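*Asks:* Quick one, structure for this:
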Amino acid sequence: MSTASRPAYRRGAPAPGRSYVRRGPAHGPAPGDAAKAPTPLRKPVFTTVDQLRPQSHGHTLTARVLSARTVLDKASPALGRTRVAECLVGDHTGTILVTARNQQIDLLKPGTTVIFRNAKIDMFKGTMRLAVDKWGRIEVTEDADFQVKEDNNMSLVEYELVDVAEEED
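*Replies:* Residues are numbered from 1 along each chain as shown. So this is what the prediction gives:
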């Protein structure tokens with residue numbers, strides 16, 4: 001194919017008398033969409049510790065902090081100070097370990113009641129750990145009136161990832 005029929009590829013600004021044209025939908029609302037109200041936020045669905053399953057995410061739950069243990073406290077010149085703690089939290093159905101990082105550790109003091117929003121379950125050595133990443137939130141709230149069920153620790157249950165072979169009939 002000849003290159004004479006195609007315009008030459010040029011870098012930088014377009015030639016004088018030419019300009020770029022935006023294709024696709026324009027930014028911002030369309031003229032008729034200005035009257036539409038924003039969509040309301042949905043109410044959070046609170047779950048309990050005994051309903052947590054491996055590799056699940058998007059959990060919102062209220063729990064009381066029972067204990068906190070610092071696992072890592074390391075100073076790095078490039079990243080600053082890195083802190084990791086394991087906190088045992090629970091509600092009226094059971095307990096689970098939470099992996100808290102940096103500023104989260106200051107919120108998870110023993111005896112406080114917290115709300116975990118958009119929490120996920122991470123697997124560590126075959127056991128479940130509750131974690132809150134940058135998309136989630138930990139909020140300290142007023143003391144809850146439930147009694148923590150300490151004999152059902154969900155972090156002590158070991159899980160094993162297995163391949164399931166499908167049987168053909």
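*Asks:* SS state for the nearest residue to Arg81 once chain neighbours are set aside?
*Replies:* What sits nearest to Arg81 in space, not counting adjacent residues and going by Cβ to Cβ, 6 or more residues apart in numbering, is Ala75, at 5.2 Å. Yep, even glycine has a C-beta here, placed from its N, CA and C like the rest. Put simply, Ala75 is strand when judged by DSSP: H, G, I helix; E, B strand; the rest coil.
*Asks:* I am assuming Ala75 contacts Arg83, so please confirm or correct that.
*Replies:* No - applying Cβ atoms under 8 Å, one finds Ala75 not in contact with Arg83, separated by 9.9 Å.
*Asks:* Please tell me how far the residue nearest to Arg81 sits from Asp163.
*Replies:* From Ala75 across to Asp163, the span is 43 Å (Cβ to Cβ, to the nearest Å).
*Asks:* and if you look at Phe116?
*Replies:* For Phe116, the distance to Asp163 - Cβ to Cβ - is 32 Å.
*Asks:* These two: who's more crowded?
*Replies:* Phe116 (23 against 4; other Cβ atoms under 10 Å).
*Asks:* Just to check, that one is in contact with Val140?
*Replies:* No - the pair Phe116 / Val140 is not scored as a contact, 11.2 Å apart, by Cβ under 8 Å.
*Asks:* Then Gln104 would be within a helix, right?
*Replies:* Yes - per three-state DSSP, Gln104 lies within a helix segment.
*Asks:* The closest residue to it other than its chain neighbours: what secondary structure?
*Replies:* Nearest residue to Gln104, sequence neighbours excluded (Cβ to Cβ, 6+ apart): Ile138, at 5.6 Å. With three-state DSSP as the basis, Ile138 sits in strand.
*Asks:* got it, and Arg83?
*Replies:* strand.
*Asks:* State the distance from it to Val140.
*Replies:* Distance from Arg83 to Val140, counting by Cβ to Cβ: 18 Å.
*Asks:* hang on, Leu66 packs against Thr95?
*Replies:* Yes - with contacts counted by Cβ under 8 Å, Leu66 reaches Thr95, the gap being 6.7 Å.
*Asks:* overlap in contacts of the two?
*Replies:* Counting by Cβ atoms under 8 Å, 6 or more residues apart in numbering, the residues touching both Leu66 and Thr95 are 88-89, 148, 150.
*Asks:* got the contact list for stretch 155-169?
*Replies:* Here stretch 155-169 has contacts from 54, 88, 95-97, 123, 126-129, using Cβ under 8 Å, 6+ apart.
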